[in-house]
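**Student:** Sequence first, then the predicted structure:
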Amino acid sequence: MSSMPAGISLHITETPRLRMRWASAGSVEGTPVVLVHGNLATCRFYDDQLTACPDGYRFIAPDMRGFGGSEKLAIDATRGLRDWADDTMGLLDTIGIDGPAHFVGWSTGGGAIMQILIDHPDRVASLTLIDPVSPYGFGGTHRDGSPCTPDHAGTGGGAGNPEFVAQMTAGNTGTDSPFAIRNVMRTSYWSPAYSMPEAQENMLVEEVLSSLMGEEGYPGDATPSEHWPGFAPGTTGILNALSPKYLNTAGIVDVDPKPPIMWHHGTADVVINDGSAWDPALLGQQGIIPDWPGEDAYPVQQMVSQTRDVLDAYAANGGSYEEVVHPDAGHGPHLDHTEEFNARFLAFIRAAS
């Protein structure tokens, strides 16, 4: 394991749900800020935020089940992201944080903290969403969130690229394959225009390669479908937890109380946008997956627009949100536009504290 930056410490804690590794910075007595990473990531993707922890705050970044140094337990996809949400709250309970906290969620983590808001609105002081998964899950939905097929075909574990899974399973740290994690991070985690310091990139490659792979982890299992493209969600693994069959966080519109929300997204994000490079519908439109049934039957998912629709409804129903667009930032503006992101994020939590 690489050395930790000054001011960050790592911990291992047994909770009633699982054993979790988590990073922390700041004062134990400080206002808690909980940072939840995304799919195929760990707490170490928040190093630049943890080192910026201001006086009077306590930053906490856990590894989710199956990732990093936390226990390699299967995720029950039929609960959507509730395993992640419950694991996070179980950690906070175990370390004695029972009052409101600020929550930050990147990508899949954004969906997890929206689930926390639905289940525990009294424990949320604010939400910071970083390129979050759509409130209607990943893939296979019309603009209003309704499914393209009755069985949510085209979503879940079957959408995982077999060559990428093979490269991950083999532990490839190099650049000889476009599906090696180092190349995937350079093209999909941050903007290709950004060059991450070599030591930091090496560390993050090793962190991601510690992920639980297969039917219980990434990508998860799948079931056959009579609908295009021939597969439907299974019941375990992270991609199934992201399927619209199980994940829907549009219920934040009805929570009470409604904490303030800040939503960050990058204009160069190829993972979460209105036409994700990973969306089977776009791959069908491009002819990469054959026999696409067309835009009316199976449209390219409007992920950013769906998030905006739900947040507009949240605001119309008594809440508030601020949208922060990062020009030229990729899927992780906290990584490739760190200074700008941190300034906006820290100002937001100070105002919401």
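**Tutor:** Now that the structure is in, tell me what you want to look at. Since we're looking at a predicted model, the values are computed, not measured.
**Student:** The stretch 51-200 of the chain: helices as residue ranges?
**Tutor:** 82-94, 108-119, 162-170, 181-184, 198-208 (DSSP state H, counting those that start in this stretch).
**Student:** highest average neighbour count across those helices?
**Tutor:** Scoring the helices of the stretch 51-200 of the chain by mean neighbour count under mean count of other Cβ atoms under 10 Å gives helix 108-119 as the most buried, with a mean of 26. All C-beta atoms are positioned from the backbone trio N, CA, C, and that covers glycine.
**Student:** what does that one rub up against?
**Tutor:** 34-39, 64, 80-82, 84-85, 88-89, 103-105, 123-124, 127, 129-133, 135, 137, 238, 241-242, 247, 249, 251-252, 255, 259 (Cβ atoms under 8 Å, 6 or more residues apart in numbering).
**Student:** Which one, of the helices of the stretch 51-200 of the chain, ends up nearest to residue 315?
**Tutor:** helix 108-119 (14.3 Å; Cβ to Cβ).
**Student:** Let me know the angle separating that closest one from helix 82-94.
**Tutor:** 70 degrees (axes from the mean of the first three to the mean of the last three Cα atoms, to 10 degrees).
**Student:** now helix 108-119, how far from the centre of its chain.
**Tutor:** In this view, helix 108-119 has its centroid 10 Å away from the chain centroid, taken as Cα atoms, centre = their mean, to the nearest Å.
**Student:** now do stretch 68-79
**Tutor:** Counting by Cα atoms, centre = their mean, stretch 68-79 comes out at 14 Å from the chain centroid.
**Student:** Span of it from start to end?
**Tutor:** 22 Å (Cα to Cα, to the nearest Å).
**Student:** Could you do stretch 55-64 as well?
**Tutor:** Note: stretch 55-64 ends 26 Å apart using Cα to Cα.
**Student:** Flag every buried residue along it.
**Tutor:** 57-64 (16 or more other Cβ atoms under 10 Å).
**Student:** which residue sits closest to residue 14 in space, ignoring its chain neighbours?
**Tutor:** Nearest non-adjacent residue to residue 14, counting by Cβ to Cβ, 6 or more residues apart in numbering: residue 94, 7.6 Å away.
**Student:** so residue 311, which of the three states?
**Tutor:** Secondary structure, DSSP: H, G, I helix; E, B strand; the rest coil: residue 311 is helix.
**Student:** got it, and residue 12?
**Tutor:** Applying three-state DSSP: residue 12 is strand.
**Student:** Hmm, it is touching residue 18, no?
**Tutor:** No - Residue 12 is beyond contact range of residue 18, at 11.1 Å (criterion: Cβ atoms under 8 Å).
**Student:** re the thing from before, closest one of the buried residues of stretch 55-64 to residue 175?
**Tutor:** residue 63 (25.7 Å).
**Student:** residue contacts, the spatially closest residue to that closest one that is not a sequence neighbour?
**Tutor:** Closest residue to residue 63 in three dimensions, ignoring its sequence neighbours and counting by Cβ to Cβ, 6+ apart: residue 70, at 3.9 Å. If a contact means Cβ under 8 Å, 6+ apart, then residue 70 has 18-21, 62-64 as its contacts.
**Student:** Just the closest of these to residue 153, please.
**Tutor:** Distance to residue 153 across those (Cβ to Cβ) is lowest for residue 64, with 26.8 Å.
**Student:** Give me the distance between the closest one and residue 57.
**Tutor:** Distance, residue 64 to residue 57, by Cβ to Cβ, to the nearest Å: 22 Å.
**Student:** now do residue 135
**Tutor:** Residue 135 is 28 Å from residue 57, by Cβ to Cβ.
**Student:** sorry, back to before: so which of residue 12 and residue 18 has more stuff around it?
**Tutor:** Comparing residue 12 with residue 18 by other Cβ atoms under 10 Å, the one with more neighbours is residue 18, at 19 against 12.
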